[in-house]
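[1] 3D model of this:
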Amino acid sequence: MGRAEYLLVLGACVLATVPIELAGARVYRRPGRLVRAVLPVAAVFLVWDALAIAAGVWHFDPAFVTGLRVPFGIPLEEVLFFVVIPVCGVLTYEGVGLTGRLLRRGRR
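    This is a model prediction of the structure:
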């Protein structure tokens, strides 16, 4: 897999949660709420990463990233990580709520 490995794992995470959206979680259909949930946390961790990279505390193995970097030396994959994983988390959370609602509806 090599340089595409990080991107492939992120893509697999997205694919694994697509059925939850299709089942009715409505996460992607409410982009404003999703941005408000993901952006503040992503921003904090991106700043943290940038500081750690600049201090030489944190690095990314070039064998596992594409080499594309955003400002402050952060690999593109890391930026996507801080978006994709929280979105998948929100989808999973909404999916659990959806399952509970469907189960309660089935009992009536």
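[2] from here on, contacts and neighbour counts on C-alpha atoms
    Noted.
[3] quick one: average confidence on the longest helix seen in the chain?
    Secondary structure of the chain per DSSP state H: the longest helix is helix 76-107. The average of the pLDDT scores along helix 76-107 is 86.
[4] buried residues in that helix?
    Buried residues in helix 76-107, counting neighbours by 16 or more other CA atoms under 10 Å, are found at 76-79, 81-88, 90-92, 94-95, 98-99.
[5] And the contacts of stretch 89-103?
    With contacts defined as CA atoms under 8 Å, 6 or more residues apart in numbering, stretch 89-103 is touched by Thr17, Ile20, Glu21, Gly24, Ala25, Val27.
[6] Out of those residues, which comes closest to Asp61?
    Thr17 (27.5 Å; CA to CA).
[7] can you give me phi and psi for Ala55?
    When read as degrees, to the nearest 10, the backbone of Ala55 gives phi -80, psi -10.
[8] Could you give the number of residues near it?
    For Ala55, the neighbour count with other CA atoms under 10 Å is 10.
[9] Can you give me the distance of it to Gly67?
    Plainly put, Ala55 is 20 Å away from Gly67 if you go by CA to CA, to the nearest Å.
[10] before we move on, what about Ala12?
    Separation of Ala12 from Gly67 (CA to CA): 20 Å.
[11] Now do the contacts for Val83.
    Residues counted as contacts of Val83 (CA under 8 Å, 6+ apart) are Val38, Leu39, Ala42.
[12] how about a cut-off of 10 Å?
    Leu10, Val35, Val38, Leu39, Val41, Ala42, Ala43, Glu77 (CA atoms under 10 Å, 6 or more residues apart in numbering).
[13] what does Ala63 give?
    With contacts defined as CA under 10 Å, 6+ apart, Ala63 is in contact with Met1, Gly2, Arg3, Ala4, Glu5.
[14] again, 8 Å this time
    Shown in contact with Ala63 (CA under 8 Å, 6+ apart): Gly2, Arg3.
[15] confidence score at it?
    pLDDT, Ala63: 88.
[16] still on that earlier bit, out of the contacts of stretch 89-103, the closest to Arg107 would be?
    Using CA to CA, Gly24 comes nearest to Arg107 of the contacts of stretch 89-103, at 19.2 Å.
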